[in-house]
Structure formats: structure tokens, C-alpha cells
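Student: give me the fold of what follows.
(chains A and B)
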Number of protein chains: 2
Amino acid sequence: MSGVTLVNLWMKNGAEIQRKTVDTKPFITNPRAVEKCARYVDTDLNRAFTPENLSASGGKELPYEVQRAQEINRLFGPKGSPEAYDVIFDLHNTTSNMGCTLILENSKDHFNLQMMNYIKRAIAPASCLVLLNEHPLLKYSTSRSVAKHPVGLEVGPQPQGVLRSNIFEAMRVILKHALDFIALFNEGMEFPSCTVEVFRVSESVDYPRDANGNIIAMVHPNLQDCDWEPLNPGDPMFQTFDGKTIPYQGTGTVYPTFINEAAYYEKQQAFVTTRRETLVASAIRKA
Amino acid sequence: MSGVTLVNLWMKNGAEIQRKTVDTKPFITNPRAVEKCARYVDTDLNRAFTPENLSASGGKELPYEVQRAQEINRLFGPKGSPEAYDVIFDLHNTTSNMGCTLILENSKDHFNLQMMNYIKRAIAPASCLVLLNEHPLLKYSTSRSVAKHPVGLEVGPQPQGVLRSNIFEAMRVILKHALDFIALFNEGMEFPSCTVEVFRVSESVDYPRDANGNIIAMVHPNLQDCDWEPLNPGDPMFQTFDGKTIPYQGTGTVYPTFINEAAYYEKQQAFVTTRRETLVASAIRKA
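Tutor: Numbering: from 1, shown residues only, chains lettered A, B, ... in the order given. Coordinates of the predicted model:
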């Protein structure tokens, strides 16, 4: 509920997100899901921005979120066009112990990489990690992908339907620094070349299941809440309902995240593995 | 998801909940809500066991949970009759940091008080607190109220839609001891008089709201996750979205619980206050 609450506040009073050189528009992407206090009504909006959906005919007969994706694409896109918005900050919460996480989709987006670097420095010693979701199979058609520079913001842990003050404030602070960065860029500041540590999505790991698809093990207590910590081959990964430990059997150290996220049970994902990488961001300055 | 997962396991293999002298029946009260991964479909089942609902005519036209309440009352009741089941353990999870909590509805139920005493001793040094929901206005018509000795089991924190191994195991262990107690009682063991510390529900506290009913403050970070800890007059209670602290202004120390429970936003409850009390349980022995 952090994003929904912040956007509702900003729609009443936008002073906090106004910057002289930046045009901002707070927006609730899925008002019917908000009303139901659910992730979605018909289909996951944050997977709905495919070329097929965005060009589908059918109007009011289409699933609610497909209609909504088309509307968002009209308002903030069209996706991939020069008219599209420059940046969308997609505000999300997770039940996973991920802290503040910024999600990027493109390792060559130097504007976004510079923004990540700026935010990470601005909030230090608090930490903010960058998840790079640039994977041929695991990348999905997000709402934010309508903009030229999509930025996901994922803050947790927070249960669904709950507003926690610490998570709310963490999200608010990140947004403040992100808007400050854009304002500075628009005012002509030069950002010199820098490096940014990212966690690149590697693999999606499902819960162990029986032949009928029923889950037969839980995230192991040693792994639960240990998002971003190293998982080595042989480390406990799952615990079956009769108490057996299932170890991780990959080849080398990975950094799991989105561990035991509520919304991903239906996506058959217990966590994703990532690998650490350092990216170089080129210097940028407004043309 | 702890209760649902345990009951599904026990329906496949009940060895763990079998005791020689005890007849047990694992049961999913609201299968359509389980399927939707929601608390309920039409109306809250755990508030539905009123005399009006249980005697309502209308059959398939009634709200789903009212139909279901009537069915449960036929299977395990009728409520208030000699034919009703002796004990129902109602397995719940909460997003609040309540640990293991047993919920009673009647301070004169010496069988249940003896059971609480047994469980508390059996799981020590782990702790298990007793919430006494015996309040003329705040008591509600629970599913478990169909049985002669209703016992609520509330374990948290766990987000909705998530299965955490620590919460799952905690619930499982409490149930084990509860069944052991019943078996011992049925075998004729005498339980001598004892005292049981309980937290008696005192008041329901809503989130601060504006004239339109919108929430304008969050649980204060000093209170969040501090279920069962003393809250004194003047202590921070809520934090408004513009950073102001709202202190607790009651008369004397209370022990809040169900702090920031997801399912209670719709019930306009940020937490309940309780007061500590020591009850005396008479000696019991099977007649």
C-alpha cells in the first residue's frame, strides 16, 4: 500500500514531487485492483504491456487490465515512440526482505544508470540495490516499459494490504532523490562516468511440487529473509513438510532475491537468482 | 497459508493428529476463499456464526459464507447444543508480530484454561500468549464458536498468501501439544488447579481518518511490531503522513495487539488494547 498511498497524497497535494524543470504526473495504474485490495482483477497489469495487448481490438470486451494497458499506453506512450514519457517510476511493494530495490531493464541505459548512482550515494549509509531484469526469458512486459527510461521501485518487506511507516518513508525518500536527479540533469548538470553495482537476474526457481502441482516444501529458514545474501552450492534452499532439507545445487554463488514473494506463488517462483556485476555508466549531460 | 497447508497435509495423512482417545477431523472452512487466496468471497466467515445467519432461510440465494456457516453448524454443531463438537481449533495467521497466540472467548472455561496452561508449559522457553476475547461489544461470532470449547490459534507475522517455515512449524507444534492435552484428559489424567496469565481485550483503536474516511496516519514506528509490549499514556501511537506523532492518550498502561493486521483495515481497527490479568483454572478430571 505504500505506492498507492503516496500517489493518492500527491494527487491531493503535489508540492513534494514538483521540481522547476520537471513535469510529473502521479497516477494509479489499476484503480479497480486498488479498490479490491488485490494485485489485479482479470490479468496481471504488470505483465500486460505486450505488442499483442497494446494493439488488440475488442474495446470493453477485453480483460480489464488489457483495456487499462491500452489507456496507459495512450496517456504515457506510445511505447517505443518519441512521444512517450521520459521516465516512469513504477512503485511496488514486496513481501520479500529486499529493502530498497531499484529495477532496471537495460544495462545500456546510461541515464538510468547515472540515476541509480545518484540515488545510491544520496541515501548512503542506507542502502539501495539495483536489480537488472535484462534476461531474454525472464524479462516481462511491465507498465513502466511504456516510458523511455523505465524504473521499478520495489520496497519490502511489507505484507499485502498493510501500510508500514518504515517502508512508506523509504519509498518516499528514494522518489525524492530520483526527482532531484532529473531536475539537476534538466538544469544542465554534467554527471561524469561512474560504475554501478547491479544484480543481474539469472534464473527463476520454483517451489518443489508433487505430480499434481502442489507445493511440497517451503523456503528453508536459513534462506528466508536472506535476499541479496550469497547462496552457495550445498546451502539449504527448501524444507519439505516432513522436515527434509533440499540444498541449492547450482554451479557457483548466486544472490537470491524476491524470496517467498506472495504475488509470485501463482507465477511458480520461490525466488530468482542473480549474479553481481559492475556496470559502467557513461558521462551524461543534457544536449 | 499455515493453517490451510497443515489441514491439507492432514487430510492426506492424518497420523500426526491422531490420538488414541481423540476423534479429530481436519477441515477447510472456506474452500472458495482458499481458491481465491482471499479472506472471504461474500462476507467474513469468521463473523458469520450469528443466530440470524444460522437460522436464515434462502438456501443457495444466501451469501456463500452464510451457506457455509450453516453447513459447518450442521457438521460440527449445532452451536450451543449437547451434540456440538467438544473443541474446535481455528487456525489463523496474522500480519501482526503476535508470535504464537491462543484466543479464548470465555474466562470461565476451565477446560480451555487448563489447556492453555498445558501448552504454555510444554512449549517453554518458547512463548505462547493468551488473548481473552470476552468483551460485550468486541466479541464476534467466530467459526470456532460452534464448538463447546472454542480455541483460536493466531500465529504471525506472516503476510497473506505466503507460507513461512517458522510460522508453519510454530502452529504445528502448538496443535501437537493441544491434542496431547486432550488425549491425557481423555485418558483420565487430573489437572490440578493453576493460574493462567491472559490479555483481556479492552478497546479497539482505529487509524486516524479524515472527514471522508481516508486514513491519514500510520502505526508509529515505535509501536509497529511491538505487539504485547506496554503502551503508556503519552507514548507514540500513530504517525501522520506529514510526520506528526499522535500519542496514546488512554488512562494507564495497555498491551496492544493485532497491530497493523492487514485484514482489519476494513474493520477500521489499527490494533486492540488489552490488559493483563491472571485467571484461576479449577482442577479438572474427566467424569
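Student: ok, and the closest non-adjacent residue to residue A:268?
Tutor: Nearest residue to residue A:268 in three dimensions, chain neighbours excluded: residue A:206, at 4.5 Å (C-beta to C-beta, 6 or more residues apart in numbering or on different chains). Heads up, the C-betas are built off the backbone N, CA and C, glycines and all.
Student: how about the one you found, what does it touch?
Tutor: Going by C-beta atoms under 8 Å, 6 or more residues apart in numbering or on different chains, residue A:206 touches A:268-270.
Student: now do it, the pLDDT please.
Tutor: Residue A:206 is assigned a pLDDT of 98 by the prediction.
Student: what's the answer for the one 3 residues further on, then?
Tutor: Residue A:209 carries a pLDDT value of 96.
Student: my guess is it meets residue A:216, correct?
Tutor: Yes - checked against C-beta atoms under 8 Å, the pair residue A:209 and residue A:216 is within contact range at 6.1 Å.
Student: who has more neighbours, these two?
Tutor: residue A:216 (15 against 12; other C-beta atoms under 10 Å in any protein chain shown).
Student: now stretch A:43-53: average pLDDT?
Tutor: 94.
Student: likewise for stretch A:174-192?
Tutor: For stretch A:174-192, the per-residue pLDDT averages 98.
Student: also stretch A:219-229?
Tutor: Stretch A:219-229 comes out at a mean pLDDT of 98.
Student: now check that stretch, is it near chain B?
Tutor: Yes - judged by C-beta under 8 Å from any C-beta of the partner chain, stretch A:219-229 and chain B are in contact via A:219-221, A:224.
Student: buried residues in that stretch?
Tutor: A:219-220, A:223-228 (16 or more other C-beta atoms under 10 Å in any protein chain shown).
Student: can you list contacts of that stretch?
Tutor: Contacts of stretch A:219-229 (C-beta under 8 Å, 6+ apart): A:96-99, A:129, A:157, A:199, A:207, A:231, A:235-239, A:245-246, A:255-260, A:270-271, B:164-166.
Student: repeat the analysis, applying 6 Å as the threshold.
Tutor: By C-beta atoms under 6 Å, 6 or more residues apart in numbering or on different chains, the residues outside stretch A:219-229 that reach it are A:96-98, A:129, A:236-239, A:255, A:257, A:259-260, A:270, B:165-166.
Student: and the end-to-end length of it?
Tutor: In stretch A:219-229, first residue to last residue: 14 Å (C-alpha to C-alpha, to the nearest Å).
Student: the helix ranked longest in chain A packs against which elements?
Tutor: Using DSSP state H, we find that the single longest helix of chain A is helix A:165-186. Under the contact criterion of 3 or more C-beta pairs under 6 Å, 6 or more residues apart in numbering or on different chains; DSSP states H and E, helix A:165-186 touches helix A:2-12, helix A:110-123, strand A:149-156.
Student: and the helix or strand that it is followed by with helix A:110-123, angle?
Tutor: Heading C-terminal from helix A:165-186, the first helix or strand you meet, by DSSP states H and E, is strand A:194-205. Here strand A:194-205 points in a direction 100 degrees away from that of helix A:110-123 (axes from the mean of the first three to the mean of the last three C-alpha atoms, to 10 degrees).
Student: for strand A:194-205, which strands pair with it and how are they oriented?
Tutor: Strand A:194-205 pairs in its sheet with strand A:128-132 (parallel), strand A:271-281 (antiparallel), by DSSP bridges.
Student: any idea which of the ones you listed is most buried?
Tutor: strand A:128-132 (a mean of 22; mean count of other C-beta atoms under 10 Å in any protein chain shown).
Student: and the contacts of that strand?
Tutor: A:100-104, A:107, A:116, A:119-120, A:198-200, A:228.
Student: repeat that for stretch A:168-187.
Tutor: With contact meaning C-beta under 6 Å, 6+ apart, stretch A:168-187 is reached by A:2, A:19, A:21-22, A:100, A:115, A:118-119, A:122, A:153, A:155, A:286.
Student: look up how far chain B lies from residue A:236.
Tutor: As judged by C-beta to the nearest C-beta, to the nearest Å, residue A:236 and chain B stand 10 Å apart.
Student: that residue touches residue A:243, doesn't it?
Tutor: No - look at residue A:236 against residue A:243 with C-beta atoms under 6 Å: they stay out of range, at 11.8 Å.
Student: more neighbours, those two?
Tutor: It is residue A:236, of residue A:236 and residue A:243, that has more neighbours when counted by other C-beta under 10 Å, with 15 against 8.
Student: just list the residues touching that one, thanks.
Tutor: Per C-beta under 6 Å, 6+ apart, neighbours of residue A:236: A:220, A:222, A:245, A:247.
Student: that's a helix at residue A:71, yeah?
Tutor: Yes - assessed with DSSP: H, G, I helix; E, B strand; the rest coil, residue A:71 lies in a helix.
Student: number of nearby residues for it?
Tutor: 11.
Student: would you list the phi and psi of the residue nearest to residue A:268?
Tutor: Dihedral pair for residue A:206: phi -90, psi 160, per degrees, to the nearest 10.
Student: for residue A:101, same thing?
Tutor: According to degrees, to the nearest 10, residue A:101 has phi -130, psi 130.
Student: got a pLDDT number for the residue nearest to it when sequence neighbours are not counted?
Tutor: Using C-beta to C-beta, 6+ apart and skipping residues adjacent in sequence, the residue nearest residue A:101 is residue A:154, 4.4 Å away. If you check residue A:154, the pLDDT there is 98.
Student: which residues does residue A:154 form beta bridges with?
Tutor: Applying DSSP bridges, one finds that residue A:154 bridges with residue A:92, residue A:101.
Student: who touches it in this structure?
Tutor: Counted by C-beta under 6 Å, 6+ apart, residue A:154 has contacts A:92, A:94, A:98, A:101.
Student: out of the residues you listed, which is nearest to residue A:136?
Tutor: residue A:101 (21.5 Å; C-beta to C-beta).
Student: mind listing what the closest one touches?
Tutor: Counted by C-beta under 6 Å, 6+ apart, residue A:101 has contacts A:129, A:131, A:154.
Student: ok, residue A:269 to residue A:246 distance?
Tutor: To residue A:246, residue A:269 is 16 Å away according to C-beta to C-beta, to the nearest Å.
Student: and these two? which has more neighbours close in?
Tutor: Taking neighbours as other C-beta under 10 Å, residue A:269 and residue A:246 compare with residue A:269 leading, 17 against 14.
Student: can you redo the strands paired with strand A:194-205 as CSV with mean pLDDT?
Tutor: Below are these laid out as CSV (pLDDT from 0 to 100):
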stretch, mean pLDDT
strand A:128-132, 98
strand A:271-281, 98
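Student: could I get those as JSON lines with distance to residue A:53?
Tutor: Output for the strands paired with strand A:194-205, formatted as JSON lines (distance: least, C-beta to C-beta, whole Å):
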{"stretch": "strand A:128-132", "distance to residue A:53": "24"}
{"stretch": "strand A:271-281", "distance to residue A:53": "24"}
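Student: rewinding a little: ranking the helices and strands packed on helix A:165-186 by burial, who's on top?
Tutor: The most buried stretch of the helices and strands packed on helix A:165-186, if neighbours are counted by mean count of other C-beta under 10 Å, is strand A:149-156, with a mean of 23.
Student: ok, and the closest non-adjacent residue to residue A:102?
Tutor: residue A:130 (5.0 Å).
Student: ok, residue A:48 next?
Tutor: In space, and not counting its chain neighbours, residue A:48 is closest to residue A:69: 4.3 Å by C-beta to C-beta, 6+ apart.
Student: then residue A:87?
Tutor: residue A:149 (4.7 Å).
Student: I'd say that neighbour and residue A:85 touch.
Tutor: No - assessed by C-beta under 6 Å, residue A:149 is found out of contact with residue A:85, at 8.8 Å.
Student: low-confidence regions, chain A specifically.
Tutor: Counting by pLDDT under 70, chain A shows no low-confidence range.
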